[in-house]
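Trainee: A predicted structure for the sequence below; I have some questions about it.
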Amino acid sequence: MSNSPTVLITGCSSGFGLETARLFLDKGWRVVATMRTPREDLLPRSDLLRVLPLDVTDIESIRRCVEAAGPIDALVNNAGVGMLRPLEGTTLDNVREVFETNMLGTIAMTQAVLPQFRQRRAGVVVNVTSTVTLKPLPLLSVYTSSKAAVNAFTESLALELAAFDVRVRLVLPGRAPSTSFGSNARRLMGDTVPDVYAEFMQREFAAVQDTNTPVTHAQDVAEAVWQAVTDPAAPMRIPAGADAVALAGA
């Protein structure tokens with residue numbers, strides 16, 4: 001296993017990142033699983049696993065993590081924060097938090113690993129965004145714009161790095177009620193939302209948690225990331241989940 005390739009995955013404490021780390025370990029890859037607060041009990045013990053602290057909004061944290069990780073073959077930018085609320089009840093601090101994590105964190109992590117990829121003329125960057133960028137939904141204007149920015153960043157960067165044989169791809173999950181998106185969204189609600197939106201918001205929260213229609217599971221996303229990393233012929237945008245595949249096809 002000494003020659004196993006290495007993947008660094010951000011946001012591995014739950015959901016998509018955790019399942020992606022499990023899949024790559026099962027496939028025999030070396031995995032650097034990063035979390036704001038590292039927990040060794042979330043993944044099976046393995047000589048192929050390292051769990052490192054990482055805050056993608058902190059440049060010094062990124063520097064320490066990438067240095068500790070050493071050479072890697074693939075970067076999966078999965079860390080993100082959700083927000084489901086009307087713009088009128090959204091503070092600029094809320095907006096900054098979403099963009100600092102979802103957009104600027106992705107850029108900063110990518111910048112940190114590009115020198116080694118370019119020098120080796122090999123490497124893959126996979127950015128996990130969302131199918132809300134394909135179909136607009138209410139109460140998600142800030143979240144959607146942060147993910148749409150990552151889409152545009154990714155597609156432009158792919159052209160920029162092709163000359164160095166570095167691949168850049170997108171994975172677009174659908175709606176995943178079993179992940180922490182809902183709890184993250186509620187955490188950012190605060191008390192700034194005007195009362196007039198209350199009934200509308202309750203309906204939308206219920207819709208997000210509905211499991212009676214096709215949804216995305218963490219395993220779907222892990223498998224899409226695996227395809228993006230290991231298949232040189234993988235398309236630029238890979239939908240993940242039954243609902244995501246249907247929406248992308250439409």
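Mentor: Here it is on my side, so go on. Numbers count the residues shown, from 1 in each chain.
Trainee: gap between the two ends of stretch 5-16?
Mentor: Length of stretch 5-16, first residue to last, Cα to Cα, to the nearest Å: 20 Å.
Trainee: can you give me the neighbour number for N151?
Mentor: For N151, the tally of surrounding residues (other Cβ atoms under 10 Å) stands at 18. For glycine as for every other residue, the C-beta is placed from the backbone atoms N, C-alpha and C.
Trainee: state the pLDDT value of it.
Mentor: As predicted, N151 sits at a pLDDT of 98.
Trainee: doesn't L170 make contact with it?
Mentor: Yes. The pair formed by N151 and L170 meets the contact definition of Cβ atoms under 8 Å, at 6.1 Å.
Trainee: common neighbours of those two, please.
Mentor: When contacts are counted by Cβ atoms under 8 Å, 6 or more residues apart in numbering, N151 and L170 are jointly contacted by 129, 237.
Trainee: for P86, give me its contacts.
Mentor: Taking Cβ under 8 Å, 6+ apart as the contact definition, P86 lies against 138-139, 193-194, 197, 200-201.
Trainee: turn the residues you listed into a markdown table, including distance to Q119.
Mentor: As requested, the contacts of P86 are exported to a markdown table (distance: Cβ to Cβ, whole Å):
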| residue | distance to Q119 |
| --- | --- |
| P138 | 46 |
| L139 | 44 |
| V193 | 49 |
| P194 | 53 |
| Y197 | 51 |
| F200 | 52 |
| M201 | 49 |
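Trainee: adding neighbour count and pLDDT, write those out as TSV.
Mentor: TSV is the format used below for the contacts of P86 (neighbours: other Cβ atoms under 10 Å; pLDDT from 0 to 100):
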residue	neighbour count	pLDDT
P138	13	92
L139	24	92
V193	16	79
P194	9	83
Y197	16	85
F200	12	82
M201	18	81
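Trainee: which among those residues gets closest to N3?
Mentor: Nearest to N3, judged by Cβ to Cβ, of the contacts of P86 is L139 at 47.8 Å.
Trainee: next secondary structure after the longest helix along the chain?
Mentor: As assigned by DSSP state H, the longest helix anywhere in the chain is helix 141-161. Past helix 141-161, further along toward the C-terminus, the next helix or strand under DSSP states H and E is strand 167-173.
Trainee: got the CA coordinates for that following strand in PDB?
Mentor: These are the backbone C-alpha positions of strand 167-173, laid out as PDB (Å, rounded to 0.1, in the frame of the first residue of the first chain):
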ATOM      1  CA  ARG A 167      -7.700  18.100 -14.100                       C
ATOM      2  CA  VAL A 168     -10.500  20.100 -12.400                       C
ATOM      3  CA  ARG A 169     -14.100  18.800 -12.100                       C
ATOM      4  CA  LEU A 170     -17.400  19.600 -10.400                       C
ATOM      5  CA  VAL A 171     -19.800  17.300  -8.500                       C
ATOM      6  CA  LEU A 172     -23.300  18.600  -8.100                       C
ATOM      7  CA  PRO A 173     -25.400  16.900  -5.400                       C
END
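Trainee: relative to A33, how far out is S46?
Mentor: Taking Cβ to Cβ, to the nearest Å as the criterion, S46 is separated from A33 by 10 Å.
Trainee: right, I mislabeled it, should have said P194
Mentor: In this view, P194 and A33 are 40 Å apart by Cβ to Cβ.
Trainee: one more: T154?
Mentor: With distances taken as Cβ to Cβ, T154 is found 22 Å from A33.
Trainee: the two: who's more crowded?
Mentor: Between T154 and A33, counted using other Cβ under 10 Å, A33 has the larger neighbour count: 28 against 22.
Trainee: quick check: the more buried one is in a strand.
Mentor: Yes. If the criterion is DSSP: H, G, I helix; E, B strand; the rest coil, then A33 is within a strand.
Trainee: so how far is V142 from it?
Mentor: In this structure, A33 and V142 are 28 Å apart, going by Cβ to Cβ.
Trainee: how far does stretch 119-129 sit from the chain's center?
Mentor: Its chain's average C-alpha position is 14 Å from that of stretch 119-129, according to Cα atoms, centre = their mean, to the nearest Å.
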